[in-house]
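Peer 1: turn this into a model:
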Amino acid sequence: MYNLTTLLTTLLLASTALASHSARNAIRAPGDVAGTTDVWDDGGCLSKDKIPNHFCAHNFDIIEGCKIVPAGCGKSLKVTALKSGCVATLWEDAACSNLKFFQEISWENHRVGECAALGPDVKSISVVCK
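Peer 2: Alright, predicted model coming up:
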């Protein structure tokens, strides 16, 4: 009887720890897709039908953390979807760190769905979610 009780207690504790660990990871896993963006190698964010040769990526996934924009793209882009509570930041360097040229996009500042350009090419996008 003692062995059965010990076994059941061990299984219960192990399953509780696993469930707790899985729930924490599901809420905030680094690299989770936080939104999408369309990217152009020319300014203006015109539709791919109007300037097909300048449209680089449609529904390009942006993730929590830093992600590099495809090479040769980044003259203009439009964040087309973004999770509530997240802020996307456009950067002119590949490390998401140069404070000289950057722009924040969120639902709160009403920039989701708008065309964005920094001047220099956008080289990376970072996302932070609450």
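Peer 1: what's the stretch of helix or strand residue 78 belongs to in contact with?
Peer 2: Under the criterion of DSSP states H and E, residue 78 resides in strand 76-82. With contact meaning C-beta atoms under 8 Å, 6 or more residues apart in numbering, strand 76-82 is reached by 34-40, 42-45, 59, 62, 69, 88, 90, 105-107, 111-117, 122, 127. Yep, even glycine has a C-beta here, placed from its N, CA and C like the rest.
Peer 1: so who does residue 129 touch?
Peer 2: Residue 129 sits next to 28, 34, 64, 83, 85, 86, 87 when contact means C-beta under 8 Å, 6+ apart.
Peer 1: for ChimeraX, write the selection for the buried entries among the residues you listed.
Peer 2: Buried residues among those (16 or more other C-beta atoms under 10 Å), as a ChimeraX selection:
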select :34,64,83,86,87
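Peer 1: pipe the contacts of residue 129 into CSV and attach secondary structure and distance to residue 74 per row.
Peer 2: Formatted as CSV, those follow (DSSP: H, G, I helix; E, B strand; the rest coil; distance: C-beta to C-beta, whole Å):
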residue, secondary structure, distance to residue 74
28, coil, 28
34, strand, 18
64, coil, 20
83, coil, 22
85, coil, 25
86, strand, 20
87, strand, 19
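Peer 1: name the next helix or strand following the helix or strand containing residue 39 along the chain.
Peer 2: For residue 39, the element it lies in under DSSP H and E is strand 33-40. Once strand 33-40 ends, the next helix or strand along the chain (criterion: DSSP H and E) is strand 55-63.
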